[in-house]
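Participant: Sequence unavailable; structure follows:
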Ligand SMILES: Nc1ncnc2c1ncn2[C@@H]1O[C@H](COP(=O)(O)OP(=O)(O)OP(=O)(O)O)[C@@H](O)[C@H]1O
Ligand SMILES: [Mg+2]
């Protein structure tokens, strides 16, 4: 192996194996937390997107405000008169406790909504509007051990399970669907819905589907200045639960990354101090301050990258654990977005470089003679 | 000698110090109290003197490791470090990297690199090709009789071998000036003789200017020229 600048940096890191290993553990845990948490929140968002898309929803109409998402059901009549719109299906979604331990997503749909087309009824039948009837996703039915004909209690009301369905989306296969009107009673939302899911008419010749969709969005927002019409991808990203999950994931992993950065900074500061004399030798051999700084930054980046790789493994393992836990299995896919790995690695290198910059500056600051005299 | 030298910008010397003073600790320690000296290209100069007389300090200034508190050091008539009176100066890093080579009493090899790699250190990060670097280092080590020690780490080498690796390292960028601070100070007489022979050969064959600090007057006697120092001044 011929010696390269990078190889030299790596050799310096490798020289103190135990210290390097301990530092790597620290960074590994920080990056691991990042990969697991951010990966989790991204696969959560992805699950929503998949669900919106597989149902064939072109646009969703919701309140403009972030927290209050209820819309008057009467809006539907006007929406259906907008020329681009074929169907405007009202829906509600909410989290409810089905047992003291298990919270699940509960949707309120009309019995005739187009969204049923994405579901495959395995047992029983669709519910009827105005009846105390419920349909359960197969995952939830399995974990609650319910079959058609059983009853399920929600917020004090009892519903008969009339159907069990399969869905590609984890958010539906772990959920309950009730008739919209029953759901409105249950959550005190008489006359209100969470959103309208729109299917558009086919775009006329000469107009692209994007233009057509844009026209529909504009028409809705012109009719109802308080409402927003948003496409599926945007809706998944702006879903309250998704936003919360992202915020929690980033917040927690940034703290973990900060701790990792301090670990690198400490390691590099020690290693630069110990090698002051060596740095003096490098300077005497004609190395400029800049080259010395680059070397130290390279060492810090190498630590970061190796720690990042450790973190990938830890994060990947953590996601696999989450994917097998009953509480989280329904929303975690182990097929981790590749971007999360890439982000994790970039983040690790960046953290390394940032954490190494102060030690690098300190190492390069001394004059060659001062550094050589260092004992 | 320097009083006769012409103005800045032209100099018959490869290295020249003019009225140089160097003090430490806010002037309370005066290591050099006014030194002027010209060194001809290809010369072999020995610097002797008692401990603390300022030998290393002077060598460091000549090698661009440090800058004088007062006065100027010129390389081929151009000032080292800060530019003066509008005459373009030579950047110290560049000077050390391209024109000066250093040899120390305690070798200062890098412990994590083997002999072959230690010799390449001055060339790292200069954009030179790794293969060429290695070939150059190998050739030098073989020339210095270390063909069986190429992959050895410093701790696996004898003191004499270490100093030979350090000499190879100092020569790798083909310096015009070779500066050695007590290069035989940690060696026995056999190894000392060998190192001195190698240095004299380099000086003769390549026309390298050799400046050596030594305690040993018998070593100084082998030099072409001998400068003795006392209390921060040249006294002969
Ligand atoms: N960085 C420094 N800070 C303070 N004093 C210094 C420094 N460098 C050198 N000195 C002082 O300057 C004087 C000359 O030092 P120098 O190292 O040049 O002596 P020397 O002739 O090389 O001695 P020796 O033979 O012991 O190596 C000494 O008194 C030394 O203590
Ligand atoms: Mg000395």
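Facilitator: Yep, it's here. Everything quoted here is computed from the prediction, not taken from an experiment. Ligands and ions are numbered 1, 2, ... in the order given.
Participant: how about low-confidence regions in chain B?
Facilitator: Chain B contains residues with pLDDT under 70 at B:1-10, B:83-86.
Participant: so the residue nearest to the spatial centre of it, which of the three states?
Facilitator: The centroid of chain B falls nearest to residue B:179 when counting by Cα atoms, centre = their mean (1.3 Å). Of the three states, residue B:179 takes strand according to DSSP: H, G, I helix; E, B strand; the rest coil.
Participant: burial measure for the closest residue to it other than its chain neighbours, as a count.
Facilitator: In this structure, residue B:179 finds its nearest non-sequential neighbour in residue B:63, 4.4 Å apart by Cβ to Cβ, 6 or more residues apart in numbering or on different chains. C-beta: built from backbone N, CA, C; applies to glycine. Residue B:63: 28 surrounding residues under other Cβ atoms under 10 Å in any protein chain shown.
Participant: Residue B:63 touches residue B:100, doesn't it?
Facilitator: Yes: under the criterion of Cβ atoms under 8 Å, residue B:63 makes contact with residue B:100 at 4.9 Å.
Participant: shared neighbours of the two, anything?
Facilitator: By the contact definition Cβ atoms under 8 Å, 6 or more residues apart in numbering or on different chains, residue B:63 and residue B:100 are jointly contacted by B:177, B:179.
Participant: sorry, back to before: any idea what the residue nearest to the centre of chain B is bridged to?
Facilitator: For residue B:179, the beta-bridge partners under DSSP bridges are residue B:102, residue B:211.
Participant: and it, what does it touch?
Facilitator: Applying Cβ under 8 Å, 6+ apart, we find residue B:179 in contact with B:59, B:62, B:63, B:100, B:101, B:102, B:103, B:211, B:212.
Participant: Likewise for residue B:103?
Facilitator: Neighbour list for residue B:103: B:163, B:166, B:167, B:170, B:178, B:179, B:180, B:181, B:183, B:199 [criterion: Cβ under 8 Å, 6+ apart].
Participant: Please tell me how far it sits from residue B:186.
Facilitator: From residue B:103 across to residue B:186, the span is 12 Å (Cβ to Cβ, to the nearest Å).
Participant: which other residues reach the lengthiest helix in chain B?
Facilitator: When chain B is parsed with DSSP state H, its longest helix is helix B:189-206. Helix B:189-206 has contacts (Cβ under 8 Å, 6+ apart) with B:42, B:44, B:103, B:144, B:158-160, B:163-164, B:167, B:171, B:174, B:178, B:180, B:183-184, B:187, B:208-210, B:212, B:219, B:222.
Participant: what about burial for these, which qualify?
Facilitator: B:44, B:103, B:144, B:160, B:163-164, B:167, B:171, B:178, B:180, B:183-184, B:187, B:208-210, B:212, B:219, B:222 (16 or more other Cβ atoms under 10 Å in any protein chain shown).
Participant: In stretch A:138-150, which residues are buried?
Facilitator: A:138, A:139, A:140, A:141, A:143, A:144, A:146, A:148.
Participant: To clarify, my last question referred to stretch A:84-94.
Facilitator: Neighbour-count burial for stretch A:84-94, counted by 16+ other Cβ under 10 Å, picks out A:84, A:85, A:87, A:88, A:89, A:90, A:91, A:92, A:93, A:94.
Participant: Which part of chain B gets nearest to chain A, residue-wise?
Facilitator: For chain B and chain A, the shortest gap (Cβ to the nearest Cβ) falls at residue B:97, measuring 2.6 Å.
Participant: Just give the nearest non-adjacent residue to that residue, would you?
Facilitator: residue A:286 (2.6 Å).
Participant: How much space separates the one you found from residue B:139?
Facilitator: 20 Å.
Participant: Same question for residue B:204.
Facilitator: Using Cβ to Cβ, residue B:204 is found at 19 Å from residue B:139.
Participant: residues contacting the residue in chain A that ligand 1 sits nearest to?
Facilitator: Residue nearest to ligand 1 within chain A (Cβ to the nearest ligand atom): residue A:373, separated by 5.7 Å. Going by Cβ under 8 Å, 6+ apart, residue A:373 touches residue A:280.
Participant: Next one: it from residue B:24, what distance?
Facilitator: Residue A:373 sits 11 Å away from residue B:24, going by Cβ to Cβ.
Participant: sec struct for the closest residue to chain B within chain A, please.
Facilitator: Here chain A gets closest to chain B at one residue, residue A:286, 2.6 Å apart by Cβ to the nearest Cβ. For residue A:286, the assignment made with three-state DSSP gives coil.
Participant: and it, what pLDDT?
Facilitator: Looking at residue A:286, its pLDDT is 92.
Participant: same thing with residue A:335?
Facilitator: Residue A:335 carries a pLDDT value of 61.
Participant: and stretch B:120-134, which residues are buried?
Facilitator: Residues B:120, B:121, B:122, B:123, B:124, B:125, B:130, B:133, B:134 are the ones in stretch B:120-134 that count as buried (16+ other Cβ under 10 Å).
Participant: swap in stretch A:118-126?
Facilitator: Within stretch A:118-126, the residues scored as buried using 16+ other Cβ under 10 Å are A:118, A:119, A:123, A:124, A:126.
Participant: all helices in the stretch 251-375 of chain A, in order from the N-terminus.
Facilitator: Remark: helices assigned in the stretch 251-375 of chain A by DSSP state H, counting those that start in this stretch are A:276-284, A:289-324, A:338-365, A:368-373.
Participant: Over to chain B?
Facilitator: Under DSSP H, chain B gives helices at B:55-62, B:92-98, B:115-120, B:130-143, B:159-171, B:189-206, B:217-220.
Participant: Give me whichever of those is most buried.
Facilitator: Highest mean neighbour count of those: helix B:115-120, a mean of 26 (counted as mean count of other Cβ atoms under 10 Å in any protein chain shown).
Participant: my read: residue B:164 touches residue B:146, true?
Facilitator: Yes: counting by Cβ under 8 Å, residue B:164 touches residue B:146, with 5.8 Å between them.
Participant: who touches the helix or strand hosting residue A:91?
Facilitator: Assigned by DSSP states H and E, residue A:91 falls within strand A:85-97. When contacts are defined by Cβ under 8 Å, 6+ apart, strand A:85-97 is touched by residues A:61, A:73, A:76, A:79-80, A:103-110, A:113-115, A:154-155, A:176, A:180, A:183-184, A:186-187, A:189, A:192-201, A:216, A:219.
Participant: Which ones among those residues lie within helices?
Facilitator: Reading helices off the contacts of strand A:85-97 with DSSP H, I get A:76, A:79, A:80, A:180, A:183, A:184, A:186, A:216, A:219.
Participant: Quick one, which of those residues are buried?
Facilitator: Counted by 16+ other Cβ under 10 Å, the ones in helices among the contacts of strand A:85-97 give A:76, A:79, A:180, A:183, A:184, A:186, A:216, A:219 as buried.
Participant: Apart from its chain neighbours, what residue comes closest to the last one?
Facilitator: Translated: residue A:219. residue A:82 (4.7 Å).
Participant: From residue A:75, how far out is the one you found?
Facilitator: Look at residue A:82 and residue A:75: by Cβ to Cβ, they are 11 Å apart.
Participant: Residue B:234 too?
Facilitator: Here the criterion is Cβ to Cβ. By it, residue B:234 lies 99 Å from residue A:75.
Participant: now stretch A:287-300, how far from the centre of its chain.
Facilitator: How far stretch A:287-300 lies from its chain's middle: 37 Å, per Cα atoms, centre = their mean, to the nearest Å.
Participant: contact partners of that stretch?
Facilitator: Residues contacting stretch A:287-300 (Cβ under 8 Å, 6+ apart): A:5-6, A:8-10, A:12-13, A:264, A:268, A:271-272, A:279, A:282-283, A:352-353, A:355-357, A:359-361, A:363-365, B:93, B:97, B:122, B:125.
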